[in-house]
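Novice: Turn this into a structure:
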Amino acid sequence: MKQNQNFTQGPILPALLKFALPVLLALLLQAMYGAVDLQVVGKFGTAADISAVATGSQIMHSLTIIVTGLSMGITVLLGQKIGEGKPREAGGVVGSGICLFSVVTLVMTAAVLLAAPKMAEVMHAPADAFAGTVSYVRICGAGSVFIIAYNLLGSIFRGLGDSKMPLLTVLIACVLNIIGDLLLVAGVGMGVAGAAIATVFAQAVSVLLSLLIIRRRELPFTLTRTELRPDRSVMRRILRLGTPIALQDLLVSVSFLVITAIANGMGVVASAGVGVAEKLCGFVMLVPSAYMQSMSAFVAQNIGAGREDRAQKALWTGILSSLVAGVVMAWAGFFRGDVLAGFFAEDPAVVLAGWEYLKSYAIDCLFTSFLFCFVGYFNGRGQTVFVMVQGFIGAFCVRLPVALLVSSLGGSLFQLGLSTPASSLVQIFLCMGWYLWNKRKHA
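Specialist: Modelled structure (predicted):
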């Protein structure tokens with residue numbers, strides 16, 4: 001069963017949409033996967049439980065995106081090798097990637113288990129939710145091996161032009177997580193700990209089943225004992241491509257963690273409201289996120305094949321088609337945010353707080369249609385250092401200063417959230433300038 005896709009030939013929009021749709025569905029399921037914990041706890045727990053799961057999942061998300069960023073090095077390098085028609089070297093990329101991420105697994109697991117209380121303290125977790133936050137982080141941290149394995153599998157198959165396998169992986173995890181939450185949280189009454197256990201169990205079974213399915217797949221690269229070894233030169237290239245992305249994603253996440261900490265300091269209702277809005281943001285930003293991942297794989301193959309013109313056309317095709325969905329999501333978040341927040345909370349005060357904060361994300365939907373496609377384009381070209389620089393500028397020169405200024409002036413949650421579209425707008429100008437400079441360089 002061969003499902004790998006060649007992006008170097010044929011019409012651009014159909015190929016991009018064909019790849020992006022499974023990515024979108026996978027991200028939708030992944031957002032549901034994380035939201036189920038919050039929804040079930042919100043229905044059967046207290047505001048403190050909601051705050052604990054929201055803060056704990058924010059911490060785990062920040063750690064996970066480090067892994068996702070590093071794995072992008074595999075996606076880009078593997079895509080380029082496939083575009084160049086070098087299956088043996090592609091197998092070497094996969095083999096070295098497995099060895100590299102084995103080390104990452106050990107480091108991440110130990111760090112999370114030891115530092116969970118400090119992480120909750122840094123996040124200013126409310127006193128009523130502190131113990132629950134630590135418990136959630138430690139249980140999920142114990143299952144780091146499955147988080148990393150999932151991201152590794154996804155990066156490999158996206159590099160091959162196959163977005164269906166990651167969709168299957170997250171579908172399995174989502175179904176199992178829903179069942180686990182209903183049994184442990186709603187049925188047994190284990191609260192925050194039950195939500196975390198359900199998450200880890202779902203990831204574990206999903207990865208194991210996915211590996212069994214992969215064994216039956218026809219792959220466009222060789223992976224024998226010869227390739228399954230730590231090739232230092234390949235690992236350096238993976239890290240050179242992936243580390244800037246991971247750092248950029250981490251810095252962006254840290255800026256959002258600071259904003260969450262500011263909201264936590266505003267009380268448990270504000271904390272819960274922001275937690276609900278952040279979960280909803282996972283859905284609101286689905287389309288631009290899907291385009292970002294798809295653009296990286298699409299551009300990587302075309303750059304490997306020497307199709308610079310096709311890579312540029314894909315960028316603008318992605319931006320225009322993503323913007324259509326961005327307008328719809330912006331309307332829903334700004335004008336119907338109370339309905340959306342009601343899916344995750346019963347308390348009217350929490351619902352209103354979530355809607356107020358979500359309005360700022362609604363504005364950002366319009367900007368991310370541009371920004372995320374630019375980021376995916378530059379990642380696919382291997383220009384990950386620029387991606388890191390523009391992300392750093394947006395996070396620490398715009399988003400955080402604006403958020404801290406609003407906090408010092410006693411601003412509302414909506415005003416606090418405006419720090420995000422402000423940073424996105426600045427980053428778009430930076431990306432556009434870098435794009436034009438590259439275009440002149442290759443003219």
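
Novice: so which helix or strand takes in Leu247?
Specialist: helix 232-264 (DSSP states H and E).

Novice: That should have said Leu404, apologies.
Specialist: Counting by DSSP H and E, Leu404 is found in helix 400-408.

Novice: Check what contacts that helix and list those residues.
Specialist: Ser255, Val258, Ile259, Ile262, Gln415, Leu416, Leu418, Ser419, Ala422, Ser423 (Cβ atoms under 8 Å, 6 or more residues apart in numbering). Quick note: C-beta positions are derived from backbone N, CA and C, even for glycine.

Novice: of all the residues you listed, which comes closest to Met329?
Specialist: Closest approach to Met329 among those (Cβ to Cβ): Leu418, at 17.3 Å.

Novice: And for the closest one, nearest residue in space, chain neighbours not counted?
Specialist: The shortest distance from Leu418 to any non-neighbouring residue, by Cβ to Cβ, 6 or more residues apart in numbering, is to Ser360 (4.9 Å).

Novice: For Trp437, see how far away Ser253 is.
Specialist: 28 Å (Cβ to Cβ, to the nearest Å).

Novice: In terms of packing, which of these two has more residues around it?
Specialist: Between Ser253 and Trp437, Ser253 has the larger neighbour count (other Cβ atoms under 10 Å), namely 20 against 10.

Novice: which non-adjacent residue is nearest the more buried one?
Specialist: Ser62 (4.0 Å).

Novice: And Gln390, by the same measure?
Specialist: Nearest to Gln390 is Leu430, by Cβ to Cβ, 6+ apart, at 4.5 Å.

Novice: Nearest the geometric middle of the protein, what residue?
Specialist: By Cα atoms, centre = their mean, the chain has its centre lying nearest to Ile65, at 5.8 Å.

Novice: CSV for the contacts of helix 400-408, including neighbour count, distance to Ala193 and pLDDT?
Specialist: Below are those laid out as CSV (neighbours: other Cβ atoms under 10 Å; distance: Cβ to Cβ, whole Å; pLDDT from 0 to 100):
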residue, neighbour count, distance to Ala193, pLDDT
Ser255, 22, 29, 81
Val258, 21, 27, 83
Ile259, 26, 27, 83
Ile262, 23, 27, 85
Gln415, 18, 35, 90
Leu416, 24, 30, 90
Leu418, 21, 36, 92
Ser419, 27, 33, 92
Ala422, 20, 38, 94
Ser423, 28, 35, 94
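
Novice: Tell me the one of those residues nearest Val122?
Specialist: Closest approach to Val122 among these (Cβ to Cβ): Val258, at 9.3 Å.

Novice: about what we covered before: I figured the residue nearest to Gln390 hits Phe392, correct?
Specialist: No: in this structure, Leu430 is not within contact of Phe392 by Cβ atoms under 8 Å, at 10.5 Å.

Novice: I'd assumed Leu167 was in contact with Ser210.
Specialist: No: Ser210 is beyond contact range of Leu167, at 10.8 Å (criterion: Cβ under 8 Å).

Novice: From Val299, how far off is Gln9?
Specialist: The spacing between Gln9 and Val299, counted by Cβ to Cβ, is 15 Å.

Novice: which of the two has more neighbours?
Specialist: The residue with more neighbours, out of Gln9 and Val299, is Val299; 30 against 10, by other Cβ under 10 Å.

Novice: contacting residues around that one?
Specialist: Residues near Val299 by Cβ under 8 Å, 6+ apart: Ala311, Ala314, Leu315, Gly376, Tyr377, Asn379, Gly380, Arg381.

Novice: which stretch of helix or strand covers it?
Specialist: Applying DSSP H and E, one finds Val299 within helix 286-304.

Novice: and the helix holding Leu404, how far out from the chain's middle?
Specialist: Centre-to-centre, helix 400-408 and its host chain are 25 Å apart (Cα atoms, centre = their mean, to the nearest Å).

Novice: That helix - what's its average pLDDT?
Specialist: Mean pLDDT, computed over helix 400-408, is 90.

Novice: my read: Met108 touches Met60, true?
Specialist: No: judged on Cβ under 8 Å, Met108 makes no contact with Met60 at a distance of 10.5 Å.

Novice: Which residue of the two possesses the greater neighbour count?
Specialist: Ranked by neighbour count (other Cβ under 10 Å), Met108 and Met60 place Met60 first, with 23 against 20.

Novice: Who are the contact partners of the residue nearest to Leu418?
Specialist: Neighbours of Ser360 in contact, by Cβ under 8 Å, 6+ apart: Phe414, Leu416, Gly417, Leu418, Ser419, Thr420, Pro421.

Novice: how near is it to Met388?
Specialist: Counting by Cβ to Cβ - Ser360 and Met388 are separated by 25 Å.

Novice: pLDDT score assigned to Ala127?
Specialist: Taking Ala127 on its own, its pLDDT is 82.

Novice: what's the neighbour count on it?
Specialist: 8.

Novice: what does Gly187 give?
Specialist: 12.

Novice: And for Met285?
Specialist: For Met285, using other Cβ under 10 Å, the count is 22.

Novice: Do a quick rundown of the helices in the stretch 1-150 of the chain.
Specialist: Assigned by DSSP state H, counting those that start in this stretch, the stretch 1-150 of the chain shows helices spanning 12-44, 47-84, 87-122, 130-142, 144-159.

Novice: so which of these comes closest to Gly273?
Specialist: helix 47-84 (9.3 Å).

Novice: So Gly382, which state does it fall into?
Specialist: The local conformation at Gly382, judged by DSSP: H, G, I helix; E, B strand; the rest coil, is coil.

Novice: What's the separation between it and Asp162?
Specialist: From Gly382 to Asp162 the distance is 21 Å (Cβ to Cβ).

Novice: quick one: which of the two has more around it?
Specialist: Asp162 (22 against 19).

Novice: correct me, but the residue nearest to Ser253 touches Leu251?
Specialist: No: counting by Cβ under 8 Å, Ser62 does not reach Leu251; the two are 10.1 Å apart.

Novice: that older thread, so which of the contacts of Ser360 comes closest to Lys43?
Specialist: The closest of the contacts of Ser360, once distances to Lys43 are taken by Cβ to Cβ, is Gly417, at 25.2 Å.

Novice: Dihedrals phi and psi, the closest one?
Specialist: Gly417 adopts backbone torsions of phi -70, psi -20, taken as degrees, to the nearest 10.

Novice: What is the burial count for it?
Specialist: 28.

Novice: Identify the residue spatially nearest to it, adjacent ones excluded.
Specialist: With Cβ to Cβ, 6+ apart as the criterion, Gly417 has its nearest non-adjacent residue at 2.8 Å, and that residue is Ser360.

Novice: the inter-axis angle of the helix or strand where that neighbour lies versus helix 286-304?
Specialist: Following DSSP H and E, one finds Ser360 within helix 348-380. Orientation of helix 348-380 against helix 286-304 (axes from the mean of the first three to the mean of the last three Cα atoms, to 10 degrees) gives an angle of 10 degrees.

Novice: Please consider this matter closed, and thank you.
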